[in-house]
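Engineer: sequence plus the predicted model coming up.
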Amino acid sequence: MTDDVGDLKAALRAAPPADPAARAEALRLALENFDRLQGSADPARLMTDRPMEGRGVLSGAFQMLKKLASRPVLAATTSAAALVAGMVIVLPLIDLGAVPGTAPKPVAVETTNESRQRIEEVPAEAEQLASPPVLVAPAPMAKAAPEGGAMTRMAAPEADAMLADAPMMEMAMEPVAAADPDMAAPPKENTEAFANAPTNPVKVTAEEPVSTFSIDVDTASYAMVRQSLNAGFLPDPASVRVEEMVNRFPYSYPAPAADEAFRPTVTVMPTPWNPGTRLVHIAIQGALPEVKARPPLNLVFLIDTSGSMDDPMKLPLLKQSLALVLPELRPEDQVAIVSYAGSAGQVLPPTPARDRAAILDALDRLAAGGSTAGAEGIALAYQVAQGMTAEGEVSRVLLATDGDFNVGMADPEALKGFIAREREAGIYLSVLGFGRGNLDDATMQALAQNGNGMAAYIDSLSEARKVLVDQLTGALFPIADNVKIQVEWNPVAVAEYRLIGYETRALRREDFNNDKVDAGDIGAGAQVTAIYEITAPGSPALLNDPLRYGAATPPTPGAELGFLRLRHVAPGETESRLQETPILPEMSAPGDEARFAVAMAGFGQLLTGATYLGGWGWSEAIALAQGARGEDAFGYRAEALGLMRLAEALDR
Amino acid sequence: MDMPPEPLGDDLLATAAAAGDRAAFSALIQRHYDRVQGLAWRLTGNPAEAQDLAQDIFAALPAKLRHWRAEARFSTWLYRVVVNAAHDLRRRQATRSKAADGWGDWELARQDEIVEERERLDWLTQAMARLSPELRDTVALVLGEDLTQAQAGEVLGLSEGTIAWRMAEVRKRLRLMAKEGAR
């Protein structure tokens, strides 16, 4: 031990003494909440055999604490008015072991003037936080905003929306609270920003027959969920995007015909969690062009080497991950490396992949330090990529970061605009997230979506393998851009419907035919799954009563359920192509692939509050996934089962 | 027959408290308040914040304790609770103001804009401000709480190797700082 460490230790050991009044107050509060949780002040069971003097001391102390208390603690009245009156709902820490459904009621505590003041400041700050995305998506209909819809929704001016959304943004909230206005807490800031929006509600077909959204091939959400669960905590519900939980897995869906970019397959099946509804499982399989026939690939690794990357889970893992890519490349592919920290710099000029030693050497020399200048780095990376792109080649910038764009990106809007323009020029962007703490998931998502790429979160070398090696073709070679899905439901066959997941991907109905509106892309050989839960007219499971004055639509047995329209733009083209398929009512026994996808959708919903799952819980979800593991060549599904069991154990 | 009761271990007390034993809970929180407050101070560098944090933690403790499964030792579990609460606080503050009101943001503390501010910082604050939040957590546990690297790893959910690496990193930074100071 050097002297410096000894000094630091001595200085740290000398903690300022606890303030007795604060101590008493904290202890009293703890006991008060303990009693409320128990229902009654239960006499000590453990100690009943012990001599009374022990208890006397304890209860004496308690009496003393009671007297010391200067501020009254009020019982939880869970009334909305309480919030207005300056009450704080104290649930600050429940994220560590939060259990949907069983977590105790929050306790309302009147706080000091100082903290009351702090709470009052919060909405203004939250609005400030949310305001840049508003510029991005100026659509007044927040819930239908294309990208960054989540954030736009957060910025919605109505106080109600603010309150109802608060749990989604907050680490500390019990997920079910989203549905309970009484349990709303003031929103608070968090640098680990997640892109999410409230769970899609059940929609009435007669009122809104058309559902439009962009596909999503990101997988970041699953890896974040896994990281949380492995650390022993249920994930923040806001970090869970159900469609990413589903789409994270490879599925063997029917392959498209030779001249088609992808093929949709629709399966109608009974809903595992609700006998009164059915699920419509829409599977899209992308074509897998001959790997040998692929065009030469130009990769620019844009690497964040700012000080915050100085963590074994960040820069070192990043280097190892990128090293994994190299053996997958063909000799004529090219790699360049740009780093950004303080100032951006080209670490490795474009180098053919056959010169692996030079590339590895350059990777190895990267070291963390300085602050982040994300925008500058991105500009340089694109410039390098442009220089590398020859006719018929695919270029992609792989941005690896912990999502920290603190310095240099004064205007996120400008950065997004820049990426979108480059996308038009044929250079794609994928974002790899590393580490936790200041991971800016929302920015990552936004950048990848604007850059026609995917956002993945890398928490381990095996995840890096999956994203960069097993799925290299799909991750790096787009076969269809701007893929949008629109389903028109038939009111005589479907009275209500609900899209599971895709909250951040909603599009406005009219945007479906507007090729200017960007949407997700499908990589070579990739699969995308979307699941709707639908309710037939007259089903006991209907959530909305029919309108007294509405035009009654008599149920017609055997009618088409709906009509599926898919639009995509072939890479390099500007006009979109339309594919249409009717959704027929025939139910079929779902195969392993569809059942596993449904199990994952159930998993995601259980992690986000399970609003529509009724009594269907962990054991049912696990059994469903267990029975649908299929071949599982890479063991991904087995791993998911392990996570579900872990979540079940934590959710108790 | 009136032998004084042996003091019960934390884990037993916590199990009893989780099962609804009020006296056990009371004993447990009396025993641990100072430690929680101390760690909160080591993590935040601000006595007032540490006090608030400790109060928040204790208010939520009855609910959290229900999730205590005796898989980790109670003290480890409690440390984890404090570290996570401090992280939440840090995140909230990071957005609210980048000003160095706690141990500070080391990247910003390095900027010379706030020279006057820096002059007022004593050696500890300067040293801590030099460290990234991850390193600060690590020294708070290893040096401040005198945990072994394995124990600190358990609290932070990291491997012992990572903690060892971080401590080496801390030494490097401190040495650098000493060198700069001598200049």
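Structural biologist: Structure's in. What do you need?

Engineer: nearest to chain B: which residue in the stretch 501-650 of chain A?
Structural biologist: Relative to chain B, the nearest point of the stretch 501-650 of chain A is A:Leu650 (7.7 Å; Cβ to the nearest Cβ). (Each C-beta comes from the backbone N, C-alpha and C, glycine too.)

Engineer: per-residue pLDDT, the nearest residue to A:Gly604 once chain neighbours are set aside?
Structural biologist: Distance criterion Cβ to Cβ, 6 or more residues apart in numbering or on different chains; nearest residue to A:Gly604, sequence neighbours excluded, is A:Val242 at 3.4 Å. What the model reports as pLDDT for A:Val242 is 91.

Engineer: does A:Val242 really touch A:Gly602, like I thought?
Structural biologist: No - between A:Val242 and A:Gly602 there is no contact under Cβ atoms under 8 Å: 9.2 Å.

Engineer: more crowded one of the two?
Structural biologist: A direct count of neighbours by other Cβ atoms under 10 Å in any protein chain shown for A:Val242 and A:Gly602 places A:Gly602 higher, at 29 against 26.

Engineer: where in chain B is pLDDT low?
Structural biologist: Scanning chain B for pLDDT under 70 picks out B:1-8, B:94-122, B:181-183.

Engineer: just chain A next, same as before
Structural biologist: Low-confidence segments of chain A (pLDDT under 70): A:1-3, A:39-196, A:290-293, A:342-344, A:369-375, A:403-414, A:436-441, A:452, A:470-476, A:550-555.

Engineer: please parse it into its domains.
Structural biologist: A:203-289+A:479-650, A:297-475 (automatic domain parsing).

Engineer: what is the end-to-end distance of the longest one?
Structural biologist: It stands for domain A:203-289+A:479-650. End-to-end distance for domain A:203-289+A:479-650: 32 Å, by Cα to Cα, to the nearest Å.

Engineer: quick one, phi/psi of A:Ser460?
Structural biologist: Dihedral pair for A:Ser460: phi -160, psi 170, per degrees, to the nearest 10.

Engineer: now swap in A:Met269 and tell me
Structural biologist: According to degrees, to the nearest 10, the main-chain angles of A:Met269 amount to phi -140, psi 160.

Engineer: re earlier: isn't the residue of the stretch 501-650 of chain A closest to chain B right next to A:Asn230, touching?
Structural biologist: No - using Cβ under 8 Å, A:Leu650 is not in contact with A:Asn230, being 10.6 Å away.

Engineer: higher neighbour count, the two?
Structural biologist: Legend: neighbour count by other Cβ under 10 Å for A:Leu650 and A:Asn230, higher for A:Leu650 (19 against 14).

Engineer: could you say what helices and strands the helix or strand containing A:Ser321 packs with?
Structural biologist: Using DSSP states H and E, A:Ser321 falls within helix A:315-325. Applying 3 or more Cβ pairs under 8 Å, 6 or more residues apart in numbering or on different chains; DSSP states H and E, we find helix A:315-325 packed against strand A:297-304, helix A:356-365, strand A:394-401, strand A:427-434, strand A:455-458, helix A:461-464.

Engineer: hang on, the earlier thing: could you export the domains of chain A as a markdown table, including distance to B:Ala19?
Structural biologist: Formatted as a markdown table, the domains of chain A follow (distance: least, Cβ to Cβ, whole Å):
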| stretch | distance to B:Ala19 |
| --- | --- |
| domain A:203-289+A:479-650 | 18 |
| domain A:297-475 | 33 |
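
Engineer: for chain B, just list every one of the helices.
Structural biologist: Remark: helices assigned in chain B by DSSP state H are B:10-18, B:22-44, B:47-65, B:74-96, B:106-110, B:115-120, B:123-130, B:133-139, B:149-156, B:160-182.
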